[in-house]
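Visitor: using only what follows, build the 3D model:
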Amino acid sequence: MAYSSLSIKQLITDINSNKYYLPAIQRKFVWGEGKICRLFNSIMQDYPIGTFLFWELTAQKANEYTFYEFLKNYHERDSKNQLVNYDFPFEIRGVLDGQQRISSMYIALQGVYCTKKKYAKTTNNSAYPERKMYINLLNDEYEFKFLTDKDAQNSKSGYFYLVRNILSELEDSDADSDNIVDKLIETDPSRSELLIENRRQAKKIINRLLNKFNDDQLVSYFKIINKDLDDILDIFVRVNSGGTILSKSDLLFSTLVAHWEDGRDQIEKLISDMNGEDGLFNFNTDFLMRTCLFIVDAPMNFKVQTFNSTNINKIKDNWDQIRKALIDAAAMLREFGFNKKRLSSNYAATPLAYYLYKGGKVNSTTKLELRKLIVHSLLKQVYSGQADTALSGLRDGFRIRSDNSDEYILKNTSFNFSEYKHTRMSGGKKLTIDTTDIENFLEYKKGAFSFLLLSTLYPDLKLDQISFHQDHMHPHSKFKPSILKEVGIDGETIKQWQDMRDQVPNLQLLEGRENTVKQATDLSKWVNNKADNATYYRKRNYILDEQSLELADFEDFFAHRKQLLRKKLYELFDVTHIQESFEEAV
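Guide: Numbering: from 1, shown residues only. Okay, the predicted model is just below:
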């Protein structure tokens with residue numbers, strides 16, 4: 001569709017006639033007076049002011065979505081666009097691109113602009129004088145200013161004309177700069193001499209205002225028709241270039257809180273509380289929005305239609321319980337030893353919160369079972385790709401419909417992972433772990449997944465109370481080529497050893513303080529210094545009693561420890577199919 005255009009006069013008239021609105025995806029008005037004045041200066045000087053993007057909807061379609069009215073009177077402290085709480089009687093246009101520019105025009109030509117006077121108290125209402133947009137008729141550089149009526153009248157730097165009056169003049173088809181100047185001289189005798197002396201200059205600027213505000217080619221726009229808001233969101237993200245670039249999640253968040261007066265504050269407070277004062281986690285609005293849908297048993301499609309009034313009201317009405325479930329879920333993750341570095345997906349907390357919200361029992365047994373769910377889901381990376389589909393499957397594994405009700409309840413109020421692990425998810429994802437998975441796990445290098453695997457191998461560690469590090473058993477620094485050559489290793493074998501160095505069979509969990517002491521100490525020396533504890537150390541860390549710990553025997557150490565870890569992982573993950581070759585090797 002080709003571009004269309006209209007005049008500033010027509011645009012302001014249409015806004016006053018309730019034909020233009022702001023979709024809930026738009027953020028608040030942020031332009032300062034300097035930027036507004038520059039916009040009008042650009043108009044007067046024939047500089048480009050950009051194109052606009054409008055979304056045309058029928059009344060029926062528009063009533064499905066949330067819109068705000070344009071801000072007319074800007075107040076630095078109290079400004080807020082009014083939510084549309086009535087049904088549209090006719091088709092409307094939503095402004096997708098150009099909100100700041102159009103809002104600037106509307107405020108300047110219809111409303112007032114109130115900012116705090118320097119050094120005045122914020123709470124003092126008189127500290128925010130009402131100012132309107134004026135133009136200096138004696139300055140040929142098109143000087144626009146926001147002034148109080150009194151300051152405009154008493155100005156000694158020029159003759160300031162109230163810009164909005166041009167729109168009234170344009171109601172007369174015979175609007176003429178001569179007649180306008182004559183009326184100014186007649187109605188303002190105290191400054192008549194100033195205008196008489198500068199009549200030519202004043203006429204020139206007024207004539208320019210008349211022409212620009214009545215120019216039906218000035219506001220160039222592209223119109224989108226018959227699109228759903230989900231399509232509009234994608235378009236909006238692409239074309240909206242002013243200020244911070246928004247994601248689709250940001251825009252859906254705006255839609256969610258549009259009908260929830262303190263929704264934004266409530267959600268941001270919850271996220272802050274879940275992350276903790278120490279910033280242990282990194283939960284965000286994307287996580288919270290999907291989790292809220294999950295908890296209230298709404299569809300998991302991350303679309304505007306999902307955030308309809310029914311589902312938003314479910315979230316609002318159950319907010320206290322939702323908040324408690326999420327706070328408790330975050331606390332349990334702390335207890336399990338997770339943090340933002342170890343939690344490879346925030347969505348691992350979502351099923352946990354659902355279980356708590358639905359009244360699932362919490363005791364030492366169910367905590368162990370719930371931790372298995374989190375570990376399995378993260379190791380199997382079920383939340384990668386399309387998280388929505390994985391979450392839908394996980395939720396179905398938890399719930400059944402209540403008798404004679406549309407509500408869902410837990411299948412079992414005492415969670416047992418062995419009963420849950422065969423839950424089906426789309427895309428071939430699953431929670432069960434097999435022999436192939438374990439071989440992949442053993443090749444993990446130091447990071448979030450290796451820590452998760454090691455925490456499973458060391459289940460008795462108090463991860464929530466003591467800081468544990470992933471430690472290289474044979475120290476990282478011992479794998480320099482110069483050191484390896486001293487023990488007879490060279491060529492491609494050096495690269496192989498350096499690759500093996502960072503894998504799980506050469507990693508252990510070590511208390512932070514102990515790791516600081518160990519640092520680059522040779523493994524053989526470190527273990528032998530433990531004297532009576534050396535045997536216990538080997539058993540606890542899956543090392544054969546007779547295994548050499550010398551660096552020269554690293555490859556043999558790596559292979560045998562890998563075998564022991566493999567056997568333990570088969571046991572921990574209940575993998576029953578163990579190959580004969582492996583049994584013989586162990």
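Visitor: confirm for me that E33 is in contact with A108.
Guide: No: if you go by CB atoms under 8 Å, E33 and A108 don't touch, sitting 9.2 Å apart. For the C-beta atoms, the positions are set from N, CA and C on the backbone; glycine is no exception.
Visitor: any residues in contact with both of these two?
Guide: F146 (CB atoms under 8 Å, 6 or more residues apart in numbering).
Visitor: higher neighbour count, the two?
Guide: Neighbour comparison, E33 and A108: the larger count goes to A108, with 24 against 18 (by other CB atoms under 10 Å).
Visitor: what about the nearest residue to that one once chain neighbours are set aside, neighbour count?
Guide: Take A108 and drop its neighbours on the chain: the residue closest to it by CB to CB, 6 or more residues apart in numbering is M133, 4.0 Å away. With neighbours defined by other CB under 10 Å, the count for M133 comes to 27.
Visitor: backbone phi and psi for M133, please?
Guide: Dihedral angles of M133 (phi, psi; degrees, to the nearest 10) stand at phi -90, psi 130.
Visitor: show me where pLDDT drops low in this structure?
Guide: Across the chain, the ranges flagged by pLDDT under 70 are 1-2, 229-230, 233-234, 236-251, 258-259, 261, 462-467, 512-518, 530-532, 577-586.
Visitor: so which residue of it lies furthest out from the middle?
Guide: Note on the chain: the largest C-alpha distance from the chain mean falls to E193, namely 59.8 Å (CA atoms, centre = their mean).
Visitor: and P481, how far from I494?
Guide: 5 Å (CB to CB, to the nearest Å).
Visitor: those two: which is more packed in?
Guide: I494 (16 against 13).
Visitor: what about the more buried one, which SS state?
Guide: Of the three states, I494 takes helix according to DSSP: H, G, I helix; E, B strand; the rest coil.
Visitor: against N506, how distant is it?
Guide: Applying CB to CB to I494 and N506 gives a distance of 15 Å.
Visitor: cool, and G359?
Guide: With CB to CB as the criterion, G359 and N506 are 45 Å apart.
Visitor: who has more neighbours, these two?
Guide: Ranked by neighbour count (other CB under 10 Å), G359 and N506 place N506 first, with 24 against 12.
Visitor: for this protein, longest helix please?
Guide: helix 554-572 (DSSP state H).
Visitor: and that helix, how far out from the chain middle?
Guide: Computed by CA atoms, centre = their mean, to the nearest Å, the separation of helix 554-572 from the middle of its chain amounts to 41 Å.
Visitor: cool, and stretch 288-301?
Guide: 16 Å.
Visitor: same question for stretch 110-126.
Guide: Distance, centroid of stretch 110-126 to centroid of chain: 33 Å (CA atoms, centre = their mean).
Visitor: that older thread, output the longest helix of the chain as CSV, nothing but the C-alphas.
Guide: Taking C-alpha atoms only, helix 554-572 is exported to CSV below (Å, rounded to 0.1, in the frame of the first residue of the first chain):
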residue,chain,number,x,y,z
PHE,A,554,46.8,-38.4,33.6
GLU,A,555,45.3,-40.3,30.6
ASP,A,556,45.0,-43.5,32.7
PHE,A,557,43.6,-41.5,35.7
PHE,A,558,41.1,-39.8,33.3
ALA,A,559,39.9,-43.1,31.8
HIS,A,560,39.5,-45.0,35.1
ARG,A,561,37.7,-42.1,36.9
LYS,A,562,35.4,-41.7,33.9
GLN,A,563,34.5,-45.4,34.2
LEU,A,564,33.6,-44.9,37.9
LEU,A,565,31.6,-41.8,37.2
ARG,A,566,29.8,-43.5,34.5
LYS,A,567,28.8,-46.4,36.8
LYS,A,568,27.6,-43.9,39.5
LEU,A,569,25.6,-41.9,37.0
TYR,A,570,23.9,-45.1,35.7
GLU,A,571,22.9,-45.7,39.3
LEU,A,572,21.8,-42.1,40.1
